[in-house]
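Engineer: Predicted coordinates and the sequence they were generated for:
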Amino acid sequence: MIYTKNSSALFIIGVIMLAIWYLTDAGLLAGYLEHLGHGKPYGHTNELTTMPLYFGVIAAVVGLWQWFGKHSAGHWDYYSSSIAGGMFILLIAMLVRWFIAPEVAVGSMLLGKVGDTGAYIHTLLGLNYVVMGIVTGIIIVNVFKVPAWAENGVRLSRLGLKTGVILLGTLYSAAELKNLGGLSIIMIGFFVLGSVGIVLWIGARRNISNSMGGVLSAGMGVCGVSATVAAAPVVQAKSVEIAYTIGTILLWGVGCMFVFPIIGNLLGMGHVQFGAWAGTGILNSAQVAGAALAFQPDGIETLKVAEIFNITRVLILPIIVLWLAVWYVRREGENAQKVNVGAVIFAKFPVFVLGFILMFALSTTGIFAPANHYKGKYFGNTAEQGFKDKSLLTAEQKATLQAESSKVQRVDQQAALSRLIENGKVMSIDDDDVLRGLVNAKVLSKDADHLLTGAHKAVRHTAKKVKAFRSWITWLFAFGLVGLGMQITVGAMKQAGGQPAVIGGIVGLLKAVLSLIVVMMLVSETV
Amino acid sequence: MNSTHNVLLASHGTEGAIAAENAALDVCAEGAMLRHFIVVPDFWKGMTGDDWLNNGSTRDQFTRYLETELSAEIDTHRARVRGKAEARNLRYSSEIVLGEPDKCLLAACDQGNYDVVVMGSPRPKGKPGLRSRMATKLLNKKLCVPVMVVPYPDAES
């Protein structure tokens, strides 16, 4: 079979991308971009002048070859057939991120802030490029259908998300990973086992079959559709049971992706709190990433927390599948197929998590950022480390600090302040921490605190590679989520019903509410 | 005496289809051809949903499992209708397609010269089953063959 179609689609996508680049580079879009900035500088100019050029050239060249070239069956044909779909997703992600989401934000700001929340409606509803990208994907697949030439490429979205998670490994410090990992193991362990147990308990009381109980408990308890896909064959679920379960989970997942960020904003949750809540309370793993980016579209702190929870879920998945398989065999006796423990663990092990661990290990060696970095930022007060001489305190600034030094009572703070005044810059990472504490204590005047904050920023640098990783991660997740949106069909969601809808409703709501309470009570904003 | 010699029985595995089977058998004349047209609704294609955490092998295993399950259900369904048809000396043939039930049925009717199309009625609210309708507005508008919609089993009483 030949997969690559003789279609002009990829070439047209390339031409559209190049047109976007040209219009921006020639300044023809300047007025429109100013309008989208709504009084502030438009935030994506750098992306607009680079990405559509690079990807546009690739799409146009490969597109011409696909359009007029002769294609024959083989590995290359299969891989090349995915390029058009991949570029299709990318183009949608670009249009949503650069134009549609900012346009919605402008419209929302024109409507004014909502009541006494102090926030605009698009912020409250999490209407940003991530959510709109997923919704666009859902609209495309359900209203227009994914074109035949794009079908193979849409599957690349999974690769995009997995690559995003692997790269995310570069952004954790050892302490952060240890603390987040510990928190996620406790939260996920408690809520996964709790959900699985509740589903099986309610199921027994409502006389559902063992196969339905098995597939439903995996889906509701672990990671939604992914767990259902993994568990269905081992518990020999009937087709209608699979349809009910997946329909229910998709419906819940999409609903949660919209509702969670709204609640998070209304409750004023921090990034760690929201990431932990979404990572625990949302049934479906794809929507965990979506909700995290919906809550914090311009940063990835929430995503980092949520993805640790996702990784913990997927690591638990083989164990739960194995447990369900054994449980099912015991219940069904001779009717059930025997379980090969090794094969289940091997087949279900998430290989991409090894990539995440590898990238984290590499980052601790200092290959991407100095080994002592924290969240990609590191201390450096020499030119080699990125310190700029223009950041040295002026004589006047030193005098301002000197005049207030008598207000400082603590010996360590006095010493750190003296060294700062003497050298014009923060001299060590310990001094930096002590001076941050001094600012937080609000002992000095606003002007002095402002100078100390400036001195702190001058010695904290974001590694270039880490900065690049952050940008790639954002795009990989945007790409992946738009593509996943194209795989959420209303036909599948409409199958939500029967016992899974009832049990799923109870367990999903319990999980969301209880995990919210636990997070608000026990999880602090820092890790 | 029945005069329908070429009957299309349209079903896609719902409860209502069983009632339609019996009705289709009843309207067939002696020795008539009963064409059993089975649609696997295309929503099954979206049943891996937005799974992205699993390895390709797990997804493949799931897809193969689902195909096997659906095949087994269809085989059971066909064997039942074939048995009933043969018991009445009717000629039986079947066709299985994947797609949107109403559109698939319209295409099948265009290709065959049927006296009547027999199908089950939509599932009443509250009854368990998959959501995939064959008797749609599109079908009402475009079907050029007489159609017999058989009431849902419970609705008859």
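Structural biologist: All right, it came through fine.

Engineer: burial count for whatever residue of the stretch 51-200 of chain A ends up closest to chain B?
Structural biologist: Distances between the stretch 51-200 of chain A and chain B by CB to the nearest CB are smallest at residue A:158, namely 4.3 Å. In short, each C-beta sits where N, CA and C put it, glycine included. A count of neighbours around residue A:158, defined by other CB atoms under 10 Å in any protein chain shown, yields 23.

Engineer: Can you tell me the closest non-neighbouring residue to it?
Structural biologist: Nearest residue to residue A:158 in three dimensions, chain neighbours excluded: residue B:52, at 4.3 Å (CB to CB, 6 or more residues apart in numbering or on different chains).

Engineer: Looks to me like that neighbour is in a strand.
Structural biologist: No: under DSSP: H, G, I helix; E, B strand; the rest coil, residue B:52 falls outside any strand and is assigned coil.

Engineer: mind listing what it touches?
Structural biologist: The contact partners of residue B:52, by CB atoms under 8 Å, 6 or more residues apart in numbering or on different chains, come to A:157, A:158, A:161, A:162, A:226, A:285, A:286, A:480, A:484.

Engineer: Which of those residues ranks first by neighbour count?
Structural biologist: Going by other CB under 10 Å, residue A:286 tops the contacts of residue B:52 with 32 neighbours.

Engineer: measure it to residue A:156 for me?
Structural biologist: Applying CB to CB, to the nearest Å, the value for residue A:286 to residue A:156 is 15 Å.

Engineer: again with residue A:478
Structural biologist: From residue A:478 to residue A:156 the distance is 13 Å (CB to CB).

Engineer: do residue A:363 as well
Structural biologist: Residue A:363 is 26 Å from residue A:156, by CB to CB.

Engineer: Those two: which has the busier surroundings?
Structural biologist: Using other CB under 10 Å as the criterion, residue A:363 and residue A:156 rank with residue A:363 on top: 24 against 20.

Engineer: from what I can see that one touches residue A:369, true?
Structural biologist: Yes: Residue A:363 lies in contact with residue A:369 (CB atoms under 8 Å); the separation is 6.8 Å.

Engineer: what's the overlap in contacts for these two?
Structural biologist: When CB under 8 Å, 6+ apart defines a contact, the residues bordering residue A:363 and residue A:369 alike are residue A:170.

Engineer: Strands of the chain, start to end?
Structural biologist: I'll assume chain A. Counting by DSSP state E, chain A has strands at residues A:377-379, A:460-462.

Engineer: actually chain B
Structural biologist: So, for chain B - with DSSP E - the strands run B:4-11, B:28-41, B:91-99, B:116-120, B:147-150.

Engineer: Deepest-packed of these, please.
Structural biologist: Mean neighbour count (mean count of other CB atoms under 10 Å in any protein chain shown) peaks for strand B:116-120 among those, with a mean of 25.

Engineer: Could you pull up the residues touching residue 9?
Structural biologist: This is for chain A. Residue A:9 neighbours (CB under 8 Å, 6+ apart): A:63, A:84, A:88, A:147, A:149, A:150.

Engineer: meant chain B, my bad for not saying
Structural biologist: Residue B:9 makes contact with B:20, B:21, B:24, B:34, B:35, B:36, B:37, B:81, B:118, B:119 under the criterion CB under 8 Å, 6+ apart.

Engineer: Just list the residues touching the residue lying closest to it once chain neighbours are set aside, thanks.
Structural biologist: What sits nearest to residue B:9 in space, not counting adjacent residues and going by CB to CB, 6+ apart, is residue B:24, at 4.1 Å. By CB under 8 Å, 6+ apart, the contact set of residue B:24 is B:7, B:9, B:34, B:118, B:148.

Engineer: neighbours around residue 132, how many?
Structural biologist: If you meant another chain, say so; for now it's chain A. Neighbours around residue A:132, by other CB under 10 Å: 23.

Engineer: Please refer instead to chain B.
Structural biologist: When neighbours are counted by other CB under 10 Å, residue B:132 registers 23.

Engineer: Distance check, it against residue A:511.
Structural biologist: 30 Å.

Engineer: just residue A:113 next, same as before
Structural biologist: Distance, residue A:113 to residue A:511, by CB to CB: 32 Å.

Engineer: Next: residue A:54.
Structural biologist: Computed as CB to CB, the residue A:54 to residue A:511 distance reads 43 Å.

Engineer: Could you find the closest non-adjacent residue to residue A:73?
Structural biologist: Excluding the flanking residues, the one nearest residue A:73 by CB to CB, 6+ apart is residue A:2, at 5.2 Å.

Engineer: need the strands of chain B in JSON lines with mean pLDDT, can you?
Structural biologist: What follows is the strands of chain B, written out as JSON lines (pLDDT from 0 to 100):
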{"stretch": "strand B:4-11", "mean pLDDT": "88"}
{"stretch": "strand B:28-41", "mean pLDDT": "90"}
{"stretch": "strand B:91-99", "mean pLDDT": "93"}
{"stretch": "strand B:116-120", "mean pLDDT": "90"}
{"stretch": "strand B:147-150", "mean pLDDT": "88"}
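
Engineer: For residue A:460, which of the ones you listed is the nearest?
Structural biologist: strand B:28-41 (57.2 Å; CB to CB).

Engineer: Which strands and helices lie in contact with that closest one?
Structural biologist: If you count contacts as 3 or more CB pairs under 8 Å, 6 or more residues apart in numbering or on different chains; DSSP states H and E, strand B:28-41 packs onto strand B:4-11, helix B:56-87, strand B:91-99, helix B:101-111.

Engineer: which neighbours does that strand have in its sheet, and in what orientation?
Structural biologist: strand B:4-11 (parallel), strand B:91-99 (parallel) (DSSP bridges).

Engineer: and the gap between residue A:516 and residue A:198?
Structural biologist: In terms of CB to CB, residue A:516 sits 17 Å off from residue A:198.

Engineer: next one: residue A:77
Structural biologist: Taking CB to CB, one finds residue A:77 at 49 Å from residue A:198.

Engineer: Could you verify my assumption that residue A:487 touches residue B:45?
Structural biologist: No: the criterion here is CB under 8 Å, and residue A:487 misses it with residue B:45 at 9.7 Å.

Engineer: of the two, who's got more company?
Structural biologist: residue A:487 (25 against 15).

Engineer: Identify the residues contacting the closest residue to the more buried one other than its chain neighbours.
Structural biologist: Nearest non-adjacent residue to residue A:487, counting by CB to CB, 6+ apart: residue B:50, 5.2 Å away. Contacts of residue B:50 were listed using CB under 8 Å, 6+ apart, and they are A:225, A:250, A:253, A:284, A:286, A:287, A:484, A:485, A:487, A:488.

Engineer: what's around the nearest residue to residue B:55 once chain neighbours are set aside, how many residues?
Structural biologist: Using CB to CB, 6+ apart and skipping the chain neighbours, the partner closest in space to residue B:55 is residue A:351 (6.1 Å). By other CB under 10 Å, 10 other residues sit near residue A:351.

Engineer: go on, the one 3 residues further on?
Structural biologist: By the other CB under 10 Å criterion, the neighbourhood of residue A:354 contains 11 residues.

Engineer: now swap in residue A:235 and tell me
Structural biologist: 27.

Engineer: Tell me which of the contacts of residue B:52 fall in helices.
Structural biologist: Counting by DSSP state H, those place A:157, A:158, A:161, A:162, A:226, A:285, A:286, A:480, A:484 in helices.
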